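Engineer: no letters, just coordinates:
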């Protein structure tokens, strides 16, 4: 039986993320026509601004300690929604975002300067994620050891393989200090088999305990394994919120419809 978040009584806990009437529209330039004739005929209006609705009327509450998943095909609005929760994007007028606690967004490959060494990137990124320089110094050896990069501490990250960068990102992130973690394709498939087993153990046994996780991922196995509830977005619209199996079934139906059309 797959493990789930140990905070099974999350329903009785306070709401830490509340989204009400959340819509988001962007003004983008209309793509110009390809043919020479069309370009001439539309010389003065081919680059007119058009409105693109990335999200439409999202209403959602997430409880403290809940492991909440967000799924949907590319372009469905998942990243836009995370940015709105984070506060880096403002919703359309009338939308209300209420959050309680410190929020951090995690994504693989985030914030690394390729010209800096692992040592330097640890200090830069861990400070952004809420650790003081003193705390980073106290945990530095543990981070390097966990990432299995003892021989490459002062090597510029630009010379790292993708697996080495992923291990370093994960090792830094598990030491981050926050109440709510927004995880954008962050967890799953990190490193080789032994590191995946180690990172999954840390993730399940300590990282998620007492924390609220909002997890965007295309890996349905991970969504089913960890999430208490899941939101399905399609075309920027909130299709269904419910148990993982039920929402994944709805996701599969949409995929079948798209494939057959």
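Structural biologist: Cool, got the structure. Just so it is clear, the model here is predicted, and its values are computed rather than measured. Numbers count the residues shown, from 1 in each chain.
Engineer: name the spans of this structure whose pLDDT lies under the cut-off.
Structural biologist: 1-10, 30-47, 108-110, 187-192, 261 (pLDDT under 70).
Engineer: which stretches in it count as helices?
Structural biologist: For the chain, applying DSSP state H gives helices covering 36-41, 78-86, 118-128, 133-147, 162-173, 193-202, 220-226, 244-260.
Engineer: of all the ones you listed, which one is nearest residue 58?
Structural biologist: Nearest to residue 58 among the helices of the chain is helix 78-86; the distance by Cβ to Cβ comes to 6.7 Å. (Glycine included, C-beta is placed from N, CA and C.)
Engineer: just give the number of residues close to residue 236.
Structural biologist: 22 (other Cβ atoms under 10 Å).
Engineer: does residue 175 really touch residue 125, like I thought?
Structural biologist: No: using Cβ atoms under 8 Å, residue 175 is not in contact with residue 125; the gap is 10.1 Å.
Engineer: so what's the residue nearest the centre of the chain bridging to?
Structural biologist: In the chain, the C-alpha nearest the mean C-alpha coordinate belongs to residue 184, at 1.6 Å (Cα atoms, centre = their mean). In this entry, residue 184 is beta-bridged to residue 107, residue 216, by DSSP bridges.
Engineer: where's it relative to residue 105, distance?
Structural biologist: 7 Å (Cβ to Cβ, to the nearest Å).
Engineer: now do the shared contacts for the two.
Structural biologist: By the contact definition Cβ atoms under 8 Å, 6 or more residues apart in numbering, residue 184 and residue 105 are jointly contacted by residue 82.
Engineer: what comes up buried for stretch 138-153?
Structural biologist: 139-140, 143-144, 146-149, 152 (16 or more other Cβ atoms under 10 Å).
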